[in-house]
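Visitor: Got a predicted structure here, sequence first:
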Amino acid sequence: MPPKSISGDSSVAGGTAGSDATSSRTAISSLKDPAGKWKQASNDLKDLQEITQRIRKNTQMYTDMEEAIKEHSKTRGILNEKMTELLEKEARISDLENNVTQMFDEFEARYKKWNNEALEFKRRSDREKTRTETAHQREVESMQTQLKSFREKVTILNTGIDQAKKDADFARRQNENNKHQMREWYGYLSQLKDMDLDALGVKLEGFFQRYFLVIYNNFYVELPDLVLKDIASFTQLTTKLPKKHRFSPTNSSAAKLMRVAAAVHIFAAELHATVFRPRYFLESIEDSLAMEQIMDRHLGIGCRESNIIRAVLLSDHQTEDEESVIADVARIASEHVHEQLRPLLRDDSMTFKTGLEQLFQEATKLWLEMQHSNEVIETHIEDSPNPSSEFDWHDVPIFGDVAQGQQIIPSEYLCLFPRFQVFGYGKAVHRGYVLWYDQEAVRTTHQELLSEGKTRNRRSAGGNPAGTAGWGAPLVTDNKTGAVASPQASPNSRKGFFLDAETTLSHGRTNN
């Protein structure tokens with residue numbers, strides 16, 4: 001409580017103490033009077049009650065004052081704490097204000113920096129925006145150009161698609177036509193038959209034996225001296241041969257066999273040139289050969305496609321056309337061979353010509369039959385081939401065996417019958433016949449040539465000058481080989497009078 005109130009209470013308490021002293025004196029004086037005693041006692045009791053009431057009242061007041069003093073002290077302590085805390089907070093506030101001021105300054109600096117950066121960024125943004133807009137504009141223009149081009153391409157593509165649909169429809173129709181055509185062409189393949197190659201080889205061997213016998217019967221004969229002395233006839237025969245195959249103009253067995261060999265070779269060469277050739281076009285061998293080359297170059301002979309073309313071409317052959325071709329080929333070929341061999345025929349050359357024509361007819365029929373084979377059969381009759389070791393060549397007995405210990409040179413021979421084989425596989429159907437250099441008949445006629453040459457040299461020593469044509473012309477001996485060179489029959493003759501004796505006879509049949 002306030003001090004003022006406390007002072008007032010003290011004065012009241014003092015007044016009360018004075019009254020109590022007075023009452024005490026009155027009580028003492030009243031003890032002397034009993035009536036007064038009770039009255040005094042009553043008054044004292046009242047006074048005591050009043051005092052008690054006052055004490056009670058002041059006691060509460062004093063208690064409140066003590067409590068107020070304690071509360072004041074406590075409040076002052078709290079106030080002091082609050083003042084201390086306030087000072088601390090003021091210091092903190094001052095620090096915070098300083099920090100805020102510093103932060104504000106820093107913020108202003110950063111703001112200025114950020115503002116400058118924002119301005120720079122805005123300038124860059126404006127430049128980038130301008131550049132981007134320009135690039136975008138160019139890109140838009142480019143895209144518009146591309147879009148225009150794409151639309152044009154789409155238009156062209158749509159046109160192409162429409163055309164492709166039309167082409168596809170046409171291709172489907174064409175494919176159906178092609179399928180129909182292919183079915184028709186495959187039907188032609190039924191005309192190509194599988195041939196028994198072994199049986200075909202037997203047929204070829206039989207044909208060779210027949211035509212060899214015909215020629216043998218007409219040329220292994222004694223020729224009159226008038227024919228033997230006809231140099232032109234012998235020279236004409238030798239010029240038809242691929243090499244100089246010399247034989248003596250005598251009637252010895254070896255000379256007659258060599259005349260047979262020369263005639264057989266000419267017959268075989270004619271077979272190969274005019275009969276054993278493709279006949280896809282009956283009227284022209286040249287066109288048939290050209291067609292075969294085309295098929296070989298673009299398809300390959302023997303494949304299914306070329307077989308279809310062969311079958312289609314052969315399907316056009318009519319029986320009457322084939323018969324006409326057979327007759328024409330046989331007639332022309334027989335006339336050609338007969339013309340070459342006629343000077344050396346002894347008699348009845350027309351009978352020989354008729355026999356030749358029949359042989360050529362048989363050969364042509366056999367070849368046309370081979371053309372209808374699934375496997376393409378080809379023939380070879382080279383001047384100087386190089387047969388490999390797999391060709392099993394056998395001597396033709398009629399010309400004699402090869403000398404004991406003599407080595408056959410593969411490139412020195414005269415072909416008497418073509419070699420037949422399956423195209424592309426090398427499988428031989430008939431290996432043909434050849435006359436080797438070292439067979440007995442050739443060696444014998446070679447010795448006859450040497451003896452004949454020496455005799456003529458002695459006879460012509462005082463007659464014809466050396467090097468002139470005719471029987472009196474001297475023979476020239478090769479210093480390297482010892483062979484005798486033939487005299488020239490005429491300035492236009494490229495080959496000598498005698499057939500080259502450096503050849504022997506052999507054959508190569510299939511050994512299936």
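Guide: Structure received. Computed from a predicted model, the values in this text were never measured in an experiment.

Visitor: so where's the stretch 201-350 of the chain shaky on pLDDT?
Guide: Residue ranges of the stretch 201-350 of the chain with pLDDT under 70: 231-246, 279-322, 348.

Visitor: Strands along the chain, start to end?
Guide: Assigned by DSSP state E, the strands in the chain fall at 377-380, 394-395, 413-417, 419-422, 428-430, 433-436, 476-477, 484-485, 504-507.

Visitor: counting contacts, what elements does the fifth one pack onto?
Guide: Going back to what we said before, that points to strand 428-430. helix 197-219, strand 419-422 (3 or more C-beta pairs under 8 Å, 6 or more residues apart in numbering; DSSP states H and E). C-beta: built from backbone N, CA, C; applies to glycine.

Visitor: For it, the averaged confidence score.
Guide: The average pLDDT within strand 428-430 is 83.

Visitor: List the neighbouring strands of that strand plus their orientation.
Guide: strand 419-422 (antiparallel) (DSSP bridges).

Visitor: contact partners of the strand it pairs with?
Guide: 197, 200-201, 204, 375-381, 427-432, 508 (C-beta atoms under 8 Å, 6 or more residues apart in numbering).

Visitor: For burial, what's the neighbour tally of the residue lying closest to V264 once chain neighbours are set aside?
Guide: Leaving aside its chain neighbours, V264 sits nearest to L416 (4.6 Å; criterion: C-beta to C-beta, 6 or more residues apart in numbering). A count of neighbours around L416, defined by other C-beta atoms under 10 Å, yields 27.

Visitor: Would you confirm that L416 contacts Y433?
Guide: Yes: contact criterion C-beta atoms under 8 Å: L416 and Y433 qualify, at 4.1 Å.

Visitor: Which parts of this structure are helices?
Guide: Applying DSSP state H to the chain gives helices spanning 3-30, 34-188, 197-219, 225-228, 231-238, 253-270, 285-298, 304-315, 319-341, 349-371, 440-459.

Visitor: what's the angle from the third one to helix 319-341?
Guide: Using axes from the mean of the first three to the mean of the last three C-alpha atoms, to 10 degrees, the direction of helix 197-219 lies 40 degrees away from that of helix 319-341.

Visitor: could you check the angle helix 253-270 makes with helix 197-219?
Guide: Counting by the same axes, to 10 degrees, helix 197-219 lies at 130 degrees to helix 253-270.

Visitor: buried sites along helix 197-219?
Guide: 197, 200-201, 203-205, 207-208, 211-212, 214-216, 218-219 (16 or more other C-beta atoms under 10 Å).

Visitor: quick one: which of the helices of the chain is nearest P397?
Guide: With distances scored as C-beta to C-beta, the stretch of these nearest to P397 is helix 440-459 (10.1 Å).

Visitor: between the closest one and helix 253-270, how many degrees?
Guide: Using the same axes, to 10 degrees: helix 440-459 against helix 253-270 is 110 degrees.

Visitor: which helices and strands does helix 440-459 pack with?
Guide: Helix 440-459 packs on helix 253-270, strand 484-485, strand 504-507, going by 3+ C-beta pairs under 8 Å, 6+ apart.

Visitor: Only alpha carbons, please: show that helix as CSV.
Guide: This file holds the C-alpha atoms of helix 440-459, laid out as CSV (Å, rounded to 0.1, in the frame of the first residue of the first chain):
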residue,chain,number,x,y,z
GLU,A,440,52.3,-97.8,-137.3
ALA,A,441,50.6,-96.7,-140.5
VAL,A,442,51.9,-93.1,-140.1
ARG,A,443,55.4,-94.2,-139.2
THR,A,444,55.5,-96.5,-142.2
THR,A,445,54.3,-93.9,-144.7
HIS,A,446,56.7,-91.4,-143.2
GLN,A,447,59.6,-93.8,-144.0
GLU,A,448,58.1,-94.2,-147.5
LEU,A,449,58.2,-90.4,-147.9
LEU,A,450,61.8,-90.2,-146.9
SER,A,451,62.7,-92.9,-149.4
GLU,A,452,60.6,-91.4,-152.1
GLY,A,453,62.1,-88.0,-151.5
LYS,A,454,65.7,-89.3,-151.8
THR,A,455,64.8,-91.0,-155.1
ARG,A,456,63.2,-87.9,-156.5
ASN,A,457,66.1,-85.8,-155.5
ARG,A,458,68.5,-88.0,-157.4
ARG,A,459,66.2,-88.1,-160.5
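
Visitor: quick one: the residue nearest to L271 when sequence neighbours are not counted from V325, how far?
Guide: Setting aside the residues directly before and after it, L271 is nearest to A363 in space (C-beta to C-beta, 6+ apart), at 5.7 Å. As for A363, its distance to V325 is 13 Å (criterion: C-beta to C-beta, to the nearest Å).

Visitor: okay, the two: which has more neighbours?
Guide: A363 (23 against 16).

Visitor: What ranges in the stretch 401-512 of the chain fall below the confidence cut-off?
Guide: Where the stretch 401-512 of the chain drops to pLDDT under 70, the residues are 402-412, 424-426, 453-454, 456-512.

Visitor: rerun that using 50 as the cut-off
Guide: Scanning the stretch 401-512 of the chain for pLDDT under 50 picks out 463-512.

Visitor: And Y216, how close does it get to S248?
Guide: Distance from Y216 to S248, by C-beta to C-beta: 19 Å.

Visitor: To clarify, my last question referred to K427.
Guide: Using C-beta to C-beta, K427 is found at 41 Å from S248.

Visitor: Settle it for me: which of those two has more neighbours?
Guide: Ranked by neighbour count (other C-beta under 10 Å), K427 and S248 place S248 first, with 24 against 14.

Visitor: you'd agree S253 is up against E440?
Guide: No: using C-beta under 8 Å, S253 makes no contact with E440, being 9.8 Å away.

Visitor: Which one's more surrounded, these two?
Guide: E440 (18 against 14).

Visitor: For that one, which non-adjacent residue is closest in space?
Guide: That would be G400: by C-beta to C-beta, 6+ apart, it lies 2.5 Å from E440.

Visitor: List the contacts of the one you found.
Guide: Going by C-beta under 8 Å, 6+ apart, the list of residues near G400 reads Q439, E440, A441, T444.
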